[in-house]
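Enquirer: coords below, sequence missing:
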């Protein structure tokens with residue numbers, strides 16, 4: 001009787017292990033699909049924009065502060081095609097230029113000043129430039145870098161899921177051997 005109970009318990013655990021293996025495989029496939037979708041979508045969208053990093057010998061590059069030059073030099077002359085590049089371009093290139101437009105003021109600060117002085121043409125130009133620059137920077141960070149980062153997390157999740165499925169499959173095989181021996 002005790003042997004029969006042990007076989008029943010082993011069968012239950014092997015069945016649960018098999019279910020867990022199937023679940024982990026499906027989770028891995030879903031995560032891999034999410035990674036692939038995010039990575040391809042970001043690459044397709046950024047590639048279509050045809051944005052290139054300035055070369056290290058360009059005036060645009062040389063006018064950057066040293067810390068920003070260091071980050072930008074990693075991709076100098078390359079086309080912007082992934083989230084990691086989008087983050088660098090947004091933070092170390094566009095953001096530097098934005099800080100030079102209105103003495104470091106943001107779009108909302110310039111807009112407030114323009115409301116107080118609606119005929120000021122300098123403020124109108126600054127407002128438009130800041131709006132365009134902050135919008136582009138936000139899109140690169142949110143849609144480019146953020147979406148790409150979710151894809152990277154999904155990539156890691158897929159590997160963890162597949163590794164878990166392999167481990168569970170091995171445990172199921174050992175469980176089946178144990179059941180067959182009893």
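Expert: Yep, it's here. Not measured: the values here are computed from a predicted model. Numbering: from 1, shown residues only.
Enquirer: The residue positioned nearest the centre of the chain - nearest residue in space that isn't next to it in sequence?
Expert: With the centre of the chain defined as its mean C-alpha position, the nearest residue by C-alpha atoms, centre = their mean is residue 149, 1.3 Å away. Counting by C-beta to C-beta, 6 or more residues apart in numbering, residue 83 is the residue found nearest to residue 149 once chain neighbours are left out, at 6.0 Å. (Each C-beta comes from the backbone N, C-alpha and C, glycine too.)
Enquirer: elements contacting the host helix or strand of the residue nearest to the centre of the chain?
Expert: Element membership of residue 149 [criterion: DSSP states H and E] is helix 147-181. Helices and strands touching helix 147-181, as assessed by 3 or more C-beta pairs under 8 Å, 6 or more residues apart in numbering; DSSP states H and E, comprise helix 2-49, helix 83-89.
Enquirer: Report the buried residues of that helix.
Expert: Along helix 147-181, these residues count as buried under the neighbour rule (16 or more other C-beta atoms under 10 Å): 147-148, 150-151, 154-155, 157-158, 161-162, 164-165, 168-169, 171-172, 175.
Enquirer: likewise stretch 110-124?
Expert: Within stretch 110-124, the residues that qualify as buried are 110, 113-114, 123, counting by 16+ other C-beta under 10 Å.
Enquirer: Relative to residue 65, which of these is nearest.
Expert: Comparing the buried residues of stretch 110-124 against residue 65 with C-beta to C-beta places residue 110 closest, at 22.3 Å.
Enquirer: how close does that closest one get to residue 127?
Expert: Look at residue 110 and residue 127: by C-beta to C-beta, to the nearest Å, they are 5 Å apart.
Enquirer: and the helix holding residue 149 with helix 2-49, angle?
Expert: 160 degrees (axes from the mean of the first three to the mean of the last three C-alpha atoms, to 10 degrees).
Enquirer: Need phi/psi at residue 99.
Expert: phi -70, psi -20 (degrees, to the nearest 10).
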